[in-house]
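In: structure, please.
(chains A and B)
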Amino acid sequence: MLEMTKDTAAAGETKVSLKNLQLSFPDQSGGVKQIYQGLDLEIEKGSFTVLLGPSGCGKSTLLNIMDGLLQPNSADEILIDGEDLRDRPDLSRQMAYVFQGPRLLKWKTLAENAEFGLRGLGVQPRDRWPELMERYFAAVGLSEYMHHYPSQVSGGMQQRAAIVRAWVNEPQILLMDEPFSHLDEITAAEMRRILVDLWRAEEVHRTVVFVTHDISEAAQLATDIVMLTPAPSSICFRRKVDLPWPRHIESDEVMDLEKELRKAFAERAGVRF
Amino acid sequence: MNWSVTPKSLLLNALPVAAAVLVWWAATTYILVQPRIYPTPQGVFTELVRIFKNEGPIGEPYTHAAATLWRLTIAWGGGFVAATLLGVLAGRKKWVFDFFSYPVWIAMAVPSVVWVYIFLVVFGIEEMVPILALMILLAAPVFLGTAEGVRSTPKELLEMCDSYKIGTRQRLFHFYLPYIAPYMVANARVSFAYGIRIVLIAEVIGLPNGVGILVGYWSDSLYMAPIVAWGLLLMATGMIVDYCIFAPLQRRIRREAEPRPASKRQPSGNSRLKRA
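Out: The predicted model follows:
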């Protein structure tokens, strides 16, 4: 098990680097659907990178490749901290995944679900687990519910528990695949606030790779926005975001950014909203 | 749907039994008046009292009952554990499922009495006969049920396990077994009841002791009351095991799966964190 250390590098250092990624799947008509044809992507250490793109462009697939869950047809490099994931599969233990749905085990309490992840990733030392869980359940406002079963809490609470299951491992890289897309807008807004608070609360920020197709969500969260075209995907637009937090959805800066993203989507990805 | 045990549900359970006893009494008292072949409820009750007093023609009934229960427990337990583990493996690996699919089909299709004769020829009159026959016959449906349960595991949860690098042991005990628990309990209920029948067949055919020997003895004597009494006792044993072990397990599993308000249930579970 790798020791879970916090990011210490200065901004600008590369955390994840994918080079010349090639991936295709057989499609339903018996042909081949090309997802990536030589995609290159670098993600900066400590950034909150949002991958923005239309459905089916391979955003989630990128997360699966980074986590080692899926092997591309070929790639020149899949580097995590300069080491290739294919040579060092244990590097993926530095990552934790938050999925589109909570994916909690219904026979375990929320705390036991978090413990399930801790045990799987082998986070050491084990005597820190109670403290870690107390801290992160409190951070998302679920202290009182940590010993309840998923069926006893709302969908929003379940998703918060899923965030805790990931965050409690103190991963160097947090992979988030449209984690709020199935929630109502009020709950999703609250969840975004909690997520940003968690991310900002730590002295040295973790690297977050967040997938969404929601331009407004990207504008509210990102420090770095990567826009993908429909498959076969390529990066058609990339922009650093230096807006202060909290970012209000109706603030001029956020709305201007949204406009800019919409325009880029229309002009460069051929997608209109 | 409310599946809890209520006085009304108990009454509904008891009603057909009471009706059957009444019909039985009327038929054997007024129509089939041949107590040796068609025993009355009172005659069966008298035999039950004799069994409880440990009185029998060929040894103590308690010793015979213990031999039957021992065989049943060992064979059922062994068959269940082995079939569950193999079933989990078969649910995950197609080649394991393919490898076992014909043997399982054969085990289920060939009648139990044929298996008992085959094992008697191979092993002679040994304890091994009913235990092996029972293990094979019980393992087959348990294997299939477990494998199907594992195969129905949602892809999303498996992906979550992969992402969190859940190891083999943790995956088996904390993921697969709890996930297939409803299948396992259903398998256990059916196979235990099935097992009582098979172990008796094996004892009737070729073993030196057990309830089956007593049933065979009374059958040869054309005296049915003790046979019915033993039948009732075995049925009661099955029901007690089902009522005290399997039914509460199934209720608990069902409860965990159903949404319920937090206030109605106190936190439970065995998290280390909670104890810390």
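In: is the residue of the stretch 101-250 of chain A found nearest chain B in a helix, a strand, or coil?
Out: The minimum distance from the stretch 101-250 of chain A to chain B, using C-beta to the nearest C-beta, falls at A:His147 (3.4 Å). Every C-beta, even on glycine, is put in place using the N, C-alpha and C of the backbone. Secondary structure, DSSP: H, G, I helix; E, B strand; the rest coil: A:His147 is coil.
In: quick check, it in contact with A:Thr109.
Out: Yes. Using C-beta atoms under 8 Å, A:His147 is in contact with A:Thr109, at 5.0 Å.
In: who has more neighbours, the two?
Out: Using other C-beta atoms under 10 Å in any protein chain shown, the more surrounded residue of A:His147 and A:Thr109 is A:Thr109, with 25 against 19.
In: so what does that one have for phi and psi?
Out: When read as degrees, to the nearest 10, the backbone of A:Thr109 gives phi -70, psi 170.
In: same check, this time on B:Val116
Out: Dihedral angles (degrees, to the nearest 10) for B:Val116: phi -60, psi -40.
In: now do the contacts for it.
Out: Contacts for B:Val116 (C-beta atoms under 8 Å, 6 or more residues apart in numbering or on different chains) come out as B:Val129, B:Pro130, B:Ala133, B:Ile198, B:Ile201, B:Ala202, B:Ile205, B:Gly206.
In: how many neighbours does whichever residue of the stretch 1-150 of chain B sits closest to chain A have?
Out: Closest residue of the stretch 1-150 of chain B to chain A, C-beta to the nearest C-beta: B:Gly149 (13.8 Å). Residues lying near B:Gly149 (other C-beta under 10 Å) number 23.
In: element containing it?
Out: helix B:128-151 (DSSP states H and E).
In: what helix or strand is the residue nearest the centre of chain B on?
Out: Most central in chain B under C-alpha atoms, centre = their mean is B:Phe192, positioned 0.9 Å from the mean C-alpha point. Following DSSP H and E, the helix or strand that holds B:Phe192 is helix B:177-206.
In: before we move on, what SS does A:Leu51 have?
Out: Strictly by three-state DSSP, A:Leu51 counts as strand.
In: mind checking how far it is from B:Pro16?
Out: 63 Å (C-beta to C-beta, to the nearest Å).
In: who has more neighbours, those two?
Out: For A:Leu51 versus B:Pro16, the count of surrounding residues by other C-beta under 10 Å is larger for A:Leu51: 28 against 9.
In: I'd say the more buried one and A:Val211 touch.
Out: Yes. Applying C-beta under 8 Å, one finds A:Leu51 in contact with A:Val211, separated by 4.8 Å.
In: need the overlap of contacts for the two.
Out: With C-beta under 8 Å, 6+ apart as the test, A:Leu51 and A:Val211 both reach A:Lys59, A:Leu62, A:Leu63.
In: biggest helix in chain B by residues?
Out: Ranked by residue count and defined by DSSP state H, the top helix of chain B is helix B:61-92.
In: counting by contacts, list what that one packs against.
Out: Packed against helix B:61-92 by the contact rule (3 or more C-beta pairs under 8 Å, 6 or more residues apart in numbering or on different chains; DSSP states H and E) you find helix B:94-109, helix B:128-151, helix B:177-206, helix B:211-220.
In: and the closest residue to A:Val123 other than its chain neighbours, helix, strand or coil?
Out: Using C-beta to C-beta, 6 or more residues apart in numbering or on different chains and skipping residues adjacent in sequence, the residue nearest A:Val123 is A:Asn169, 5.2 Å away. Classification of A:Asn169 using three-state DSSP returns coil.
In: give me the residue from the stretch 51-200 of chain B nearest chain A.
Out: Closest point on the stretch 51-200 of chain B to chain A, by C-beta to the nearest C-beta, is B:Tyr164, at 3.8 Å.
In: does that residue touch A:Asn113 like I think?
Out: No. With contact defined as C-beta under 8 Å, B:Tyr164 does not count as touching A:Asn113 (10.2 Å).
In: what's the helix holding B:Gly149 packed up against?
Out: Right, helix B:128-151 is packed against helix B:61-92, helix B:94-109, helix B:112-123, helix B:177-206 by 3+ C-beta pairs under 8 Å, 6+ apart.
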